[in-house]
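Student: Sequence and predicted structure, then a few things I'm wondering about:
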Amino acid sequence: MPLLLLAILTCGVSAYAQSAGIEGHWQGTLDAGAARLRLALHIEKEASGSLSGKMDSIDQGANGIPLSAVALTEDRAVSFTIPAIGGSYKGKLNAAGDAIDGTWTQGPASLPLGFRRGNTPADISKPQDPKKPYPYEEREVVFENSAQGNKLAGTLTVPKNAKSVPAVVLLTGSGPQNRDEALFGHRPFLVLADHLTRKGIAVLRFDDRGVGGSTAVPRSTTLDFAKDAIAAVEFLKKDPAINAARIGLIGHSEGGLMAPIAASQSKDVAFIVLLAGTGVPGEEVMYEQAAAIIRANGGNAEQVAANRQVQEKIFALVKSDLDDDAVREKVREAAGANQAAMAGSPWFRTFVKLDPRTYLRKLTCPVLALNGELDLQVLPKQNLPEIEKALKEGGNKDFKTAALPKLNHLFQTAEKGTPDEYARLDETIAPAALHAISDWILEKTTPKGK
């Protein structure tokens, strides 16, 4: 998913601090029109007297982004920069010391932004967010991927008085995301887990590596994330309320690539659901994605062609035998610094080359593959036919593919399907998509005659 707040950089900070300072925790909401993003500041005073800080973008699951040049002057002016995203902030601390009002600047955009003391985020909940008390059990859990030694923290929801119920593991899309797959004020996995559990299906959703309560593992790739999915299935198998023979995976976007990889490596995966899953290598997905978004935003054929040329240069370097540092340097020369960091990462280099058809051909379990008809990030016309073809080539006869009308990449009812609509829409997941998922799972997991 495209993020406003991206990479995390380390940096030193210095500032003047006074007794009525800005140390502590602050909350604010940035209204960028297309998105309302809750931000949290955490400011500390160092032993030297200087100030340091970090920022969280709560709705994007981007935490611990370092602040630089944190300053509070004698006339109560507050300022800091965020090198990782090219942003800065200037404001004024009120006399009571409990509010800062100012301006956020990033690129050409300058937007009003205020912060208030406290740890409680502003409420920008969406209509589909479930409200407690829930009519099912909710457990905080931690499990381990013994193959790689990392721990994963999540939430398991189980129908009350459950006995031998089916279960699913939810797998997030690309980029570090929390267990709710939170983005732009939406929490798709919270909504999906609530729907499925109310239907009698246990659901495990967990924080990605390095997010929330899950431990980070350097240089992780999609292949590694698939191992986390297998570990989640192993964890569920031990729960007496869950039928160990009816545990499946639901993957969204990149999670729809992890799911067939995991299912091809574990006989314990009873079924998989691919939500905007890819059917061709990442390189091909990104060519079509970029072209579709450019056209949807009014771009012409020349712009599409020019962008394709840049992408081809980058992907040629990414797929080369050069080491990661050399790729970053070459991409920086060809396309600028903004592209370099990601292009040289092991995750991106793997994703560009991974062909999901290799794993789809190995699947013998039931498969449901759904796309939104208006998905401009994983285009249904490019990917669904390839998923179906690969499954057929592998001899799998128990599968279903469908493009759901008027839905986008997040399975929201949309107008154009462009990413700028995601935050503006109140709907988190269309009911038609929720029911398509739960109905199919229940069909595959309910014993015959019941």
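Tutor: Now that the structure is in, tell me what you want to look at.

Student: wait, I100 sits on I22?
Tutor: Yes: judged on C-beta atoms under 8 Å, I100 makes contact with I22 at a distance of 7.1 Å. The C-beta positions use only the backbone N, C-alpha and C, and glycine is treated the same way.

Student: what residues are shared contacts of these two?
Tutor: 78, 93 (C-beta atoms under 8 Å, 6 or more residues apart in numbering).

Student: So, low pLDDT: which residues of the stretch 301-450 of the chain?
Tutor: Within the stretch 301-450 of the chain, the ranges that satisfy pLDDT under 70 run 337-338, 450.

Student: Helices along that one, start to end?
Tutor: Assigned by DSSP state H, counting those that start in this stretch, the helices in the stretch 301-450 of the chain fall at 301-318, 324-335, 337-343, 346-353, 357-360, 380-393, 431-445.

Student: For those, please prepare a markdown table with the additional fields mean neighbour count and distance to W104.
Tutor: Shown next, in a markdown table, are the helices of the stretch 301-450 of the chain (neighbours: other C-beta atoms under 10 Å; distance: least, C-beta to C-beta, whole Å):
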| stretch | mean neighbour count | distance to W104 |
| --- | --- | --- |
| helix 301-318 | 15 | 28 |
| helix 324-335 | 16 | 27 |
| helix 337-343 | 17 | 19 |
| helix 346-353 | 18 | 28 |
| helix 357-360 | 21 | 43 |
| helix 380-393 | 18 | 37 |
| helix 431-445 | 17 | 34 |
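
Student: Pipe those into TSV and attach distance to L183 per row.
Tutor: Output for these, formatted as TSV (distance: least, C-beta to C-beta, whole Å):
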stretch	distance to L183
helix 301-318	24
helix 324-335	25
helix 337-343	18
helix 346-353	18
helix 357-360	26
helix 380-393	21
helix 431-445	17
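
Student: out of the ones you listed, which comes closest to D228?
Tutor: Proximity to D228 (C-beta to C-beta) singles out helix 346-353 among these, at 13.5 Å.

Student: List the contacts of the closest one.
Tutor: When contacts are defined by C-beta under 8 Å, 6+ apart, helix 346-353 is touched by residues 174, 219-223, 254, 257, 281-283, 286, 315, 318-319, 324, 327, 342-343.

Student: switch to 10 Å and redo it
Tutor: Here helix 346-353 makes contact (C-beta atoms under 10 Å, 6 or more residues apart in numbering) with 174-175, 218-225, 254, 257, 278, 281-286, 314-315, 317-320, 322, 324, 327, 339, 341-343, 345.

Student: got the angle between that helix and helix 301-318?
Tutor: Counting by axes from the mean of the first three to the mean of the last three C-alpha atoms, to 10 degrees, helix 346-353 lies at 120 degrees to helix 301-318.

Student: from the chain's centre, how far out does helix 346-353 sit?
Tutor: Chain-centre distance of helix 346-353: 17 Å, with C-alpha atoms, centre = their mean, to the nearest Å.

Student: Tabulate the CA atom coordinates of it in CSV.
Tutor: Extracted in CSV, the C-alpha atoms of helix 346-353 (Å, rounded to 0.1, in the frame of the first residue of the first chain):
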residue,chain,number,x,y,z
PRO,A,346,15.9,-8.1,-0.2
TRP,A,347,12.1,-8.0,0.1
PHE,A,348,11.6,-5.9,-3.1
ARG,A,349,14.2,-7.9,-5.1
THR,A,350,12.4,-11.1,-4.2
PHE,A,351,8.9,-9.7,-4.8
VAL,A,352,9.8,-8.5,-8.3
LYS,A,353,10.9,-12.0,-9.4
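
Student: can you state the direction angle for that helix and helix 324-335?
Tutor: Using the same axes, to 10 degrees: helix 346-353 against helix 324-335 is 70 degrees.

Student: And the strands in the stretch 51-200 of the chain, which stretches?
Tutor: Along the stretch 51-200 of the chain, counting by DSSP state E, counting those that start in this stretch, strands occupy 51-57, 62-66, 68-72, 77-82, 87-93, 99-106, 109-117, 136-145, 150-159, 165-171.

Student: what helices or strands is the third one leaning on?
Tutor: I take that to be strand 68-72. strand 36-45, strand 51-57, strand 77-82, strand 87-93 (3 or more C-beta pairs under 10 Å, 6 or more residues apart in numbering; DSSP states H and E).

Student: Just checking: what are the partner strands of that strand?
Tutor: strand 77-82 (antiparallel) (DSSP bridges).

Student: For the partner strand, the averaged confidence score.
Tutor: The pLDDT scores in strand 77-82 average 94.

Student: quick one: buried residues of it?
Tutor: Neighbour counts over strand 77-82 (16 or more other C-beta atoms under 10 Å) mark 78-82 as buried.

Student: Check whether T413 really touches Q128, as I assumed.
Tutor: No: using C-beta atoms under 10 Å, T413 is not in contact with Q128; the gap is 11.8 Å.

Student: Overlap in contacts, these two.
Tutor: 426-427, 429-431.

Student: what's the nearest residue to L384 if we skip its chain neighbours?
Tutor: Leaving out its chain neighbours, the residue that sits closest to L384 by C-beta to C-beta, 6 or more residues apart in numbering is T401, at 4.8 Å.

Student: Give me the neighbour count for the one you found.
Tutor: Neighbourhood size, T401 [other C-beta atoms under 10 Å]: 18.

Student: who's in contact with it?
Tutor: 274, 279, 367-371, 380, 383-385, 387-388, 391.

Student: picking that back up, and the helices of the stretch 301-450 of the chain: which comes nearest T155?
Tutor: Between the helices of the stretch 301-450 of the chain, helix 431-445 lies closest to T155; by C-beta to C-beta that is 18.2 Å.
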